[in-house]
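Visitor: fold the following for me, if possible:
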Amino acid sequence: MAKLETEVFVVGAGPVGLTLAMDLAWRGVAVTVAETRYGGEPPSAKCNHVSARSMEIFRRLGVAPSVRDAGLPPDYPHDVAYRTTTTGTELSRIPIPSRAERDNPTPGPDTWWPTPEPPHRINQIYLEPILFAHATAMPGLDIRNRTRVLGFTQSAHGVTASAEDLDSGQRLEISCQYLIGCDGGRSGIRRAIGAELHGDPVVSRVQSTVICAPRLLSLIDRPAWGNFSLNPRRSGNVYAIDGREIWLVHNYLRPDEADFDSVDRDAGIRAILGVAPDFEYQVVGTEDWFGRRLVADRFRDRSVFLCGDAAHIWVPNAGYGMNAGIADATNLSWLLAGVLAGWAAPEILDAYQAERLPITDQVSRYAMDTALAVNAQARAVPAEIEEPGPAGDAVRAQVGKAAYELNVNQFCCGGLNFGYFYDASPIIGYDDETAPGYTMYHFTPSTVPGCRTPHLWLADGRSLYDALGPGYTLLRRDRAVDVGGLVSTAAFRGVPLTVLDLAEQHTAVLAPWRLLLVRPDQHVAWRGTGAPADPLALIDLVRGAAERSAEVPAGGSKPPVGAFPGGSATAWT
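Guide: From the prediction side, this is the model:
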């Protein structure tokens, strides 16, 4: 039996596992990934949307340009169109810039992003090989393809996993400090740690087919990335995969249809497309699935963690599942890296579940509620929608308006990208202010601890995020504030800390706070109008080494897990 030692062992090389491995390697951690597929082998066609938050992460890792340059042709519209059929009458349209238009977009609902990296529409069959190629070129990152994990044991010294090569049958023993299950919705790692999924097992049933239809594009008068068909016969949606001839068709089963086999696949495809029986297309692949809303009751057992679909399975609206998994990965990565580097206490790892589980549960409900509303709309399409004349025009206008208003939030979801916050974390120094609420679309940039640090363009033209250090960054808007005590204390504890002074024009977004401590994942860890009175207490808090106090901070709404002496904002002035 061959033996291998690594610091972190990741099971699964999908987008979540690859992002986790890349972020760990970028932070200097030795990481090994096991994947059952061949190297660079693409998945089935799924997840057509990389969120702005994920693109920010890819930017930091240096892979964003390659991702943005792939997928649909540069000039192909990323719009979402609502029609009677894919080739029928257009009812309404959500305008989304093509990748060629992103640098100078026409004003619209998807052009207000406060970030250097807006979202990008690209199918996973193109995304995953790009991430794989980037990962394999990184020092300290070893991907073992055609490798299946058979089991693992845990001890006080870490984890020992057993695996086998699917081609040769050779057994492999992997010794690691931490094991991360990124092995999807049927996760063997989740079952092994005894975590259970809870929620809604069936939200929708979808007959999904990838087709090659070279003539289809010429039959659509205004192409779009997403094409939703709304008619009384068969509602569904069609995504452009290559912008030429490959399409992904989702046929949503009605409540009275017993199962997938009871629905004529060809008839459903033709009804959604709005094409005649003699229209020619070829089936490239099929993958029927259930839309679910399930979240694991725990994301960790000692040195073993869950990320992505292994931890939560959602209705795949707008790519929420994959993008939330990428957020899981980069939340966990810096925590692990801190412990392995020695500056973070092992207790810091408690923050992963405390932060990510409530957010994934919350967003899963957003996704489910939207899916249920979309399904209800599809089942209630008026029979008159395809009638000619003024009566039909009125129905089409009404249905189109309703479709736009229902769906614009999910496809241009700035709130879900940037509005969520961690309000019960053991490693955040809360004050008396409550984080602002958010919806799928709307959010208010905020410096409240736990929120994403508001994005700024610096005086030299750089993104603030490009100027942040790989560890903690202390933003200072007033050079008169002496931060020497905080800097020396961080150095004493070994906590990586960069001080970044901001120019005068950036004072408004941070005022009245003169200091903002930003975590490695860009969330706010603490803020103050002056240097902290007890810098050691603050540094120990953010590195997971503070003693937990039963005392509720002044102002009182925050949980005691985040409390420490001087927990209110004024105590740090």
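Visitor: what does the host helix or strand of residue 268 rub up against?
Guide: Assigned by DSSP states H and E, residue 268 falls within helix 265-273. When contacts are defined by CB atoms under 8 Å, 6 or more residues apart in numbering, helix 265-273 is touched by residues 85-87, 207, 209, 211, 213, 216, 229, 231, 233-238, 249, 251, 276-277, 279, 281, 286. Where you see a C-beta, it was placed from the backbone N, CA and C, and this is true even at glycine.
Visitor: average pLDDT for it?
Guide: What helix 265-273 shows for mean pLDDT is 96.
Visitor: from the contacts of helix 265-273, list the buried ones, please.
Guide: Buried subset of the contacts of helix 265-273 (neighbour count, 16 or more other CB atoms under 10 Å): 85-87, 207, 209, 211, 213, 216, 229, 231, 234-238, 249, 251, 281.
Visitor: hey, where'd the strands end up in the stretch 251-400 of the chain?
Guide: Counting by DSSP state E, counting those that start in this stretch, the stretch 251-400 of the chain has strands at residues 282-286, 289-296, 300-301, 304-306, 312-313.
Visitor: what's the residue most central in space within the chain in contact with, if anything?
Guide: Nearest to the mean C-alpha position of the chain, counting by CA atoms, centre = their mean, stands residue 323 at 1.9 Å. Counting by CB under 8 Å, 6+ apart, residue 323 makes contact with 49, 50, 51, 53, 54.
Visitor: 7 Å instead, please
Guide: 50, 51, 53, 54 (CB atoms under 7 Å, 6 or more residues apart in numbering).
Visitor: and those, which two are the farthest apart?
Guide: Using CB to CB, the two most remote members of the contacts of residue 323 are 50 and 53, lying 9.3 Å apart.
Visitor: so the two - more neighbours on which side?
Guide: residue 50 (27 against 23; other CB atoms under 10 Å).
Visitor: quick one: that one and residue 121, what's the gap?
Guide: According to CB to CB, to the nearest Å, residue 50 and residue 121 sit 8 Å apart.
Visitor: cool, and residue 373?
Guide: 22 Å.
Visitor: of the two, which one has the most company?
Guide: Neighbours per residue (other CB under 10 Å) separate residue 373 from residue 121, with residue 121 holding more: 24 against 13.
Visitor: so what's the residue lying closest to the more buried one once chain neighbours are set aside up against?
Guide: Leaving aside its sequence neighbours, residue 121 sits nearest to residue 78 (CB to CB, 6 or more residues apart in numbering; 4.6 Å). Applying CB under 7 Å, 6+ apart to residue 78 gives the contacts 96, 97, 98, 121, 225.
Visitor: and what of residue 404?
Guide: Residue 404 neighbours (CB under 7 Å, 6+ apart): 92, 94.
Visitor: now name the helix or strand holding it.
Guide: Assigned by DSSP H and E, residue 404 falls in helix 390-411.
Visitor: for the next helix or strand along the chain from that helix, which outside residues touch it?
Guide: Using DSSP H and E, the helix or strand that follows helix 390-411 in sequence is helix 414-418. If you take CB under 7 Å, 6+ apart as the criterion, helix 414-418 is touched by 51-53, 112-113, 363, 366, 438-443, 452.
Visitor: stretch 90-108 now?
Guide: Contacts for stretch 90-108 (CB under 7 Å, 6+ apart): 68, 74-84, 109-111, 118, 120, 222, 224-225, 230, 396, 399-401, 403-404, 407-408, 411.
Visitor: any chance of a ChimeraX selection covering the buried ones in those?
Guide: Applying 16+ other CB under 10 Å to these leaves a buried subset, and the ChimeraX line that selects it is:
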select :68,76,77,78,79,80,81,82,83,84,110,111,118,120,224,225,230,396,399,400,403,404,407,408,411
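Visitor: of the contacts of stretch 90-108, which belong to strands?
Guide: Among the contacts of stretch 90-108, the ones falling in strands (DSSP state E) are 80, 81, 82, 83, 120.
Visitor: and stretch 60-70, how far out from the chain's middle?
Guide: Distance of stretch 60-70 from the chain centroid (CA atoms, centre = their mean, to the nearest Å) equals 16 Å.
Visitor: buried residues of that stretch, list them for me.
Guide: 60, 61, 63, 64, 67, 68.
Visitor: does residue 18 touch residue 133 like I think?
Guide: No. Applying CB atoms under 7 Å as the test, residue 18 and residue 133 come out as separate, 10.0 Å apart.
Visitor: between the two, who's got more neighbours?
Guide: residue 18 (29 against 13).
Visitor: can you tell me how far the more buried one is from residue 40?
Guide: Distance from residue 18 to residue 40, by CB to CB: 11 Å.
Visitor: now do residue 376
Guide: From residue 376 to residue 40 the distance is 41 Å (CB to CB).
Visitor: ramachandran angles for the residue lying closest to residue 280 once chain neighbours are set aside?
Guide: For residue 280, ignoring the flanking residues on the chain, the nearest one in space by CB to CB, 6+ apart is residue 215 at 7.1 Å. Phi and psi for residue 215, reported as degrees, to the nearest 10, are phi -90, psi -10.
Visitor: count the neighbours of residue 215 for me.
Guide: Residues near residue 215, counting by other CB under 10 Å: 11.
Visitor: list the buried residues in the top helix by length along the chain.
Guide: Determined from DSSP state H, the single longest helix within the chain is helix 350-379. Of the residues in helix 350-379, 350-360, 363-364, 366-368, 370-372, 374-375, 377-378 count as buried by neighbour count, 16+ other CB under 10 Å.
Visitor: now for that helix, which elements pack on it?
Guide: strand 197-212, strand 289-296, helix 320-341, helix 390-411 (3 or more CB pairs under 7 Å, 6 or more residues apart in numbering; DSSP states H and E).
Visitor: need the winner for burial among these.
Guide: helix 320-341 (a mean of 25; mean count of other CB atoms under 10 Å).
Visitor: pLDDT of that one, averaged?
Guide: Rounded mean pLDDT across helix 320-341 is 95.
Visitor: with adjacent residues omitted, what lies nearest to residue 6?
Guide: That would be residue 32: by CB to CB, 6+ apart, it lies 4.1 Å from residue 6.
Visitor: just after the lowest-mean-pLDDT helix or strand in the chain, pick out the following helix or strand.
Guide: One helix or strand of the chain scores below all others by mean pLDDT, DSSP states H and E: helix 507-510, with a mean of 76. Using DSSP H and E, the helix or strand that follows helix 507-510 in sequence is strand 515-518.
Visitor: now the two most distant members of the ones in strands among the contacts of stretch 90-108.
Guide: 83 and 120 (24.0 Å).
Visitor: now residue 34: which helix or strand?
Guide: strand 31-35.
Visitor: can you name the next helix or strand after that strand?
Guide: Using DSSP H and E, the helix or strand that follows strand 31-35 towards the C-terminus is strand 49-50.
Visitor: can you give the distance of the helix or strand following that next one from its chain's centre?
Guide: Sequence order places helix 52-61 as the next helix or strand after strand 49-50, per DSSP H and E. Here the centre of helix 52-61 is set off from its chain's centre by 10 Å, with CA atoms, centre = their mean.
Visitor: one more: stretch 325-341?
Guide: 14 Å.
Visitor: just the CA trace of that stretch, in PDB.
Guide: The C-alpha trace of stretch 325-341 is given here as PDB (Å, rounded to 0.1, in the frame of the first residue of the first chain):
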ATOM      1  CA  GLY A 325     -20.200  26.100  -1.900                       C
ATOM      2  CA  ILE A 326     -17.400  28.300  -3.100                       C
ATOM      3  CA  ALA A 327     -18.200  30.800  -0.300                       C
ATOM      4  CA  ASP A 328     -18.000  27.800   2.100                       C
ATOM      5  CA  ALA A 329     -14.600  26.900   0.700                       C
ATOM      6  CA  THR A 330     -13.000  30.300   1.100                       C
ATOM      7  CA  ASN A 331     -14.500  30.700   4.600                       C
ATOM      8  CA  LEU A 332     -13.000  27.500   5.700                       C
ATOM      9  CA  SER A 333      -9.700  27.800   3.900                       C
ATOM     10  CA  TRP A 334      -8.300  30.800   5.800                       C
ATOM     11  CA  LEU A 335      -9.300  29.300   9.100                       C
ATOM     12  CA  LEU A 336      -7.500  26.100   8.400                       C
ATOM     13  CA  ALA A 337      -4.500  27.900   7.100                       C
ATOM     14  CA  GLY A 338      -4.300  30.000  10.200                       C
ATOM     15  CA  VAL A 339      -4.300  26.900  12.500                       C
ATOM     16  CA  LEU A 340      -1.800  25.100  10.300                       C
ATOM     17  CA  ALA A 341       0.500  28.200  10.300                       C
END
